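K.L.:
Give me the fold of what follows.
(one chain, ligands or ions: 1)
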Amino acid sequence: MLNIVLFGPPGAGKGTQSQHIVEKFKLIHLSTGDLLRSEIAAGTPLGQEAKLLMDDGKLVPDEVVIGMIDNKLKANKDAKGFIFDGFPRTTEQAKALDDLLKSNDDSISGMIALEVPDEELISRLLERGKDSGRADDQNEEVIKNRLKVYNDQTAVLKDYYSKQGKFQEINGLGTIEEVFGRIENAIEKA
Ligand code: ADP
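P.N.:
Numbering: from 1, shown residues only. Down below sits the predicted model:
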């Protein structure tokens, strides 16, 4: 299977690029952010709890997102592979993902990190907030908190995958097509 972790800070373009990757490589897109927003839209207890954390730009507990990914992997046993978007976000999540895949004799093929400077991320997120309806994209303090959480808890995963020889970094600036071209090259090498 081809299992790609698409990595990068909030606003780096993971969601947009995931759609192109899905089309070209026929992988299943698993975004924990999207899964959590579906829970919120459905008004489930999990969604109600997650919303409080997400609106503040904080992470939801590891066991919650790990459980959601576990369910999706089990429900898609015949997939050609997966693109993980917004997951893993902590070392705990990365270890759990390795274990879940291993129990199916599988593993991560590669991690592709989109690099975008903070000023650009903040302006992209504020722009997205104007019409996405996402509360976490409409407040600069919340955006800065998400970037801090990314730098404090998530960025270390570059080392985690680097140690396994699975880390590739690419420039996330440019047109959607330009960035996708770089991702395609990285996937061919994964
Ligand atoms: P972005 O990357 O633009 O912040 P996401 O949709 O990936 O957007 O995530 C939105 C919010 O959902 C995060 O700020 C966090 O509260 C929560 N979330 C998403 N994925 C995870 C995860 N893997 N672990 C913990 N919290 C998560």
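K.L.:
Enumerate the residues of the protein near the ligand.
P.N.:
Applying Cβ under 6 Å from any ligand atom, we find that the chain lies next to the ligand at 10-11, 32-33, 36, 53-54, 57-60, 65, 86-87, 89, 93, 136, 146. (Each C-beta comes from the backbone N, C-alpha and C, glycine too.)
K.L.:
Let's see that with 5 Å instead.
P.N.:
For the chain, the residues in contact with the ligand (Cβ under 5 Å from any ligand atom) are P10, T32, G33, M54, L59, V60, V65, G86, F87, R89.
K.L.:
Touching, the third one and G86? I think so.
P.N.:
Yes. Under the criterion of Cβ atoms under 8 Å, G33 lies in contact with G86, with a separation of 4.6 Å.
K.L.:
Please identify which helix or strand holds V22.
P.N.:
Per DSSP states H and E: V22 is located in helix 14-25.
K.L.:
so what does that helix touch, helix or strand wise?
P.N.:
strand 2-7, strand 28-31, strand 81-85, helix 176-189 (3 or more Cβ pairs under 8 Å, 6 or more residues apart in numbering; DSSP states H and E).
K.L.:
how about a cut-off of 6 Å?
P.N.:
Applying 3 or more Cβ pairs under 6 Å, 6 or more residues apart in numbering; DSSP states H and E, one finds that helix 14-25 makes contact with strand 81-85, helix 176-189.
K.L.:
quick one: the last one to strand 81-85, angle?
P.N.:
With axes from the mean of the first three to the mean of the last three Cα atoms, to 10 degrees as the criterion, the two stretches helix 176-189 and strand 81-85 enclose an angle of 130 degrees.
K.L.:
where does helix 176-189 sit relative to the chain's centre, distance-wise?
P.N.:
On the basis of Cα atoms, centre = their mean, to the nearest Å, helix 176-189 sits 17 Å off its chain's mean C-alpha point.
K.L.:
which ones are touching the residue in the chain that the ligand sits nearest to?
P.N.:
Residue of the chain nearest the ligand, by Cβ to the nearest ligand atom: G33 (1.8 Å). Contacts for G33 (Cβ atoms under 6 Å, 6 or more residues apart in numbering) come out as G86.
K.L.:
for the protein, which spans come out with low pLDDT?
P.N.:
Along the chain, no part satisfies pLDDT under 70.
K.L.:
Show me where this structure has its helices.
P.N.:
14-25, 32-42, 45-55, 62-75, 91-102, 118-132, 140-149, 157-163, 176-189 (DSSP state H).
K.L.:
Could you export the fifth one as CSV, CA atoms only?
P.N.:
Put plainly, it is helix 91-102. C-alpha atoms of helix 91-102 as CSV (Å, rounded to 0.1, in the frame of the first residue of the first chain):
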residue,chain,number,x,y,z
THR,A,91,4.5,11.6,18.9
GLU,A,92,1.9,9.5,20.7
GLN,A,93,-0.3,9.6,17.6
ALA,A,94,2.6,8.8,15.3
LYS,A,95,3.5,5.7,17.4
ALA,A,96,-0.2,4.6,17.5
LEU,A,97,-0.4,5.0,13.7
ASP,A,98,2.7,2.8,13.2
ASP,A,99,1.2,0.2,15.5
LEU,A,100,-2.2,0.2,13.7
LEU,A,101,-0.6,-0.2,10.3
LYS,A,102,1.8,-2.9,11.5
